[in-house]
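# Structure for this input, please:
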Amino acid sequence: MRSKATLDAWRARVDAALTERLPADTSEPTRLHTAMRYAVLGEGKRLRPLLVYAAGAALGAPPADVGSDALDHAAVAIELIHAYSLVHDDLPAMDDDALRRGRPTVHVAFDDATAILVGDALQSEAFAALAAAPAPADAVLAAVRELAKAAGSRGMCGGQAIDMAMTGRAPSLASLATMHRMKTGALIEAAVVMGGILRGAGAARLDALRHVGALLGLGFQIKDDLLDAEADSATLGKTAGKDEAQGKSTYVTVLGLDGASARLDEVARELDAALTTFMAARKDDGTNDNGQALADLAVMAVRRSR
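Here you go, the predicted model:
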């Protein structure tokens, strides 16, 4: 991966920003603040904040400088939303999982009520962080709208509701795609688009980034379904085989392992074509060639081992 050093630097940058943003575990209420830091600061891929930075870099910012203050705020915000979604997803009323990122889930390490409050507080903190981004007001407002839509009933929360309603059923492929586009894809798409918004991208560039983000989100979810069926808990850092055990609707349950793998290959080719088109358009308008990180993250999302 040619951009590994850049991605590692961005990962360290967002980890530092998250550490600074979250309330200290010595401030009241200490139990809630300790649990918030536990939920966010554990091991994680940080894919979504990395996509924020990568989209910014792809629009012309030098990789060493792309972690501008505005992008830092967006990166922090989207990781806080993602962390809150995991905390709530793991609750007994949802997926009832005891393992996340290689350690006990928040409701297991603390308790159910604390986990609910952690998710609520992280969501609020996310929008506070994004609203404070040092960027033109119209860009900040557009980024807030993008994240709110991706996280709400027309995105992640709506997808989770559909997922719960589909449990134990045999959905059509179209229904499955809609559910995954909302539950997982919306937030990944928003990460790419917010990076573009805060770098001042025009409508055509944002449309192209949105297409890349949508395909990246779909590929990520299909790969996630395959890993749940094929990998073990130690590798994943979460309980493997939960989808089948709970009767969840996935690309594996609908298409089988071979069919899901074939669909992933199709999406990977579509994603590569979308990235190629986006990169070519950037070169035509004289944008610096800083798109390698975005291309590498796309490969990582659809070909990862955990």
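
# ok, and for the helix or strand where Ala39 lies, which residues are buried?
Taking DSSP states H and E as the criterion, Ala39 maps to helix 30-41. Buried residues in helix 30-41, counted by 16 or more other Cβ atoms under 10 Å: 32-40. The way it works is simple: take the backbone N, C-alpha and C, and place the C-beta from them, glycine included.

# Identify each buried residue in the lengthiest helix in the chain, please.
Across the chain, the helix with the greatest residue count (assigned by DSSP state H) is helix 251-284. For helix 251-284, the neighbour count (16+ other Cβ under 10 Å) marks 251-255, 260-261, 263-264, 267-268, 270-271, 274-275, 278-279, 282 as buried.

# What sits closest to Thr178 if chain neighbours are left out?
Nearest non-adjacent residue to Thr178, counting by Cβ to Cβ, 6 or more residues apart in numbering: Ile162, 7.1 Å away.

# And the one you found, which helix or strand is it part of?
helix 156-166.

# Just want the angle from whichever helix or strand comes after that helix to helix 156-166.
Using DSSP H and E, the helix or strand that follows helix 156-166 towards the C-terminus is helix 173-180. Angle of helix 173-180 versus helix 156-166, following axes from the mean of the first three to the mean of the last three Cα atoms, to 10 degrees, is 140 degrees.

# in helix 173-180, what counts as buried?
Neighbour-count burial for helix 173-180, with 16+ other Cβ under 10 Å as criterion, is recorded at 176-180.

# Which of these sits closest to Ala77?
Closest approach between those and Ala77, by Cβ to Cβ: His180, at 22.5 Å.

# Would you mind confirming that the closest one makes contact with Leu218?
Yes - counting by Cβ atoms under 8 Å, His180 touches Leu218, with 6.7 Å between them.

# Can you find the helix or strand in this protein with the smallest mean pLDDT?
The helix or strand of the chain with the lowest confidence, counting by mean pLDDT, DSSP states H and E, is helix 233-236 at a mean of 63.

# can you list contacts of the helix or strand following that helix?
For helix 233-236, the following helix or strand on the C-terminal side (DSSP H and E) is helix 242-245. When contacts are defined by Cβ atoms under 8 Å, 6 or more residues apart in numbering, helix 242-245 is touched by residues 95, 97, 225, 228-229, 248, 250, 252-253.

# Could I get those in TSV, plus columns for distance to Tyr53?
TSV is the format used below for those (distance: Cβ to Cβ, whole Å):
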residue	distance to Tyr53
Asp95	30
Asp97	29
Asp225	27
Asp228	28
Ala229	31
Lys248	32
Thr250	30
Val252	32
Thr253	35
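
# now, which of the residues you listed sits nearest Val118?
Asp97 (15.0 Å).

# do you know how far the closest one is from Asp120?
Using Cβ to Cβ, to the nearest Å, Asp97 is found at 19 Å from Asp120.

# more crowded one of these two?
Neighbour tally, Asp97 and Asp120, criterion other Cβ atoms under 10 Å: the higher count belongs to Asp97, 19 against 14.

# Am I right that that one is in contact with Val106?
No - applying Cβ under 8 Å as the test, Asp97 and Val106 come out as separate, 10.5 Å apart.

# Touching both of these two, which residues are there?
By Cβ under 8 Å, 6+ apart, the residues touching both Asp97 and Val106 are Asp90.

# other SSEs contacting whichever helix or strand Leu297 is part of?
Here Leu297 sits within helix 292-303, counting by DSSP H and E. Contact here means 3 or more Cβ pairs under 8 Å, 6 or more residues apart in numbering; DSSP states H and E; on that basis helix 292-303 packs against helix 4-21, helix 47-58, helix 203-230, helix 251-284.

# Any idea which of these has the lowest pLDDT on average?
With a mean of 90, helix 251-284 has the lowest mean pLDDT of those.

# Next, the angle from it to helix 47-58.
If you take the same axes, to 10 degrees, helix 251-284 sits at 20 degrees to helix 47-58.

# For Ala177, give me its contacts.
Counting by Cβ under 8 Å, 6+ apart, Ala177 makes contact with Leu218.

# Could you measure from it over to Leu80?
Using Cβ to Cβ, Ala177 is found at 27 Å from Leu80.

# now Pro29
From Pro29 over to Leu80 (counting by Cβ to Cβ), the distance is 18 Å.

# now swap in Glu43 and tell me
Using Cβ to Cβ, one gets 16 Å for the distance from Glu43 to Leu80.

# More neighbours: which of these two?
Leu80 (27 against 10).
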